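Colleague: make a model of this:
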Amino acid sequence: MTVSCTAPVREITTRAALYKNGQLVNQSALRTQTNTRAAQNNAAVRCSPGNYRGWMYFKVAFPPGYNPPTSSANGLGQEVPISC
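Modeller: Reported below is the predicted structural model:
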């Protein structure tokens, strides 16, 4: 997953997860990157046939004076069949 902003921010925190056939198969560590305009994280696994869906979370801490001072969101991707 990638989160990008139009200008540098104080920090971007991310977490990624991967589900196979509805079951969690991997989750990344919570990662915080500072003084940046983009951040990435990954929850990849070895290929195994099944139906996969990704999940992501992010929180952005904006520069001083920005209102709101932070913003966050999470979401699931569309389920996709994978055959190796």
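Colleague: what's the helix or strand for the residue sitting nearest the centre point of the chain?
Modeller: When CA atoms, centre = their mean is applied to the chain, the residue found nearest the centroid is M56 (3.6 Å). Per DSSP states H and E, M56 falls inside strand 50-61.
Colleague: returning to that earlier point: so what's the residue nearest to the centre of the chain up against?
Modeller: M56 makes contact with 1, 14-17, 41, 74-75, 77, according to CB atoms under 8 Å, 6 or more residues apart in numbering. (Each C-beta comes from the backbone N, C-alpha and C, glycine too.)
Colleague: check N51 too.
Modeller: Applying CB under 8 Å, 6+ apart, we find N51 in contact with 20-22, 79-82.
Colleague: and the nearest residue in space to T70 that is not next to it in sequence, how many neighbours?
Modeller: Excluding the flanking residues, the one nearest T70 by CB to CB, 6 or more residues apart in numbering is A61, at 5.2 Å. As a burial measure, A61 scores 17 neighbours (other CB atoms under 10 Å).
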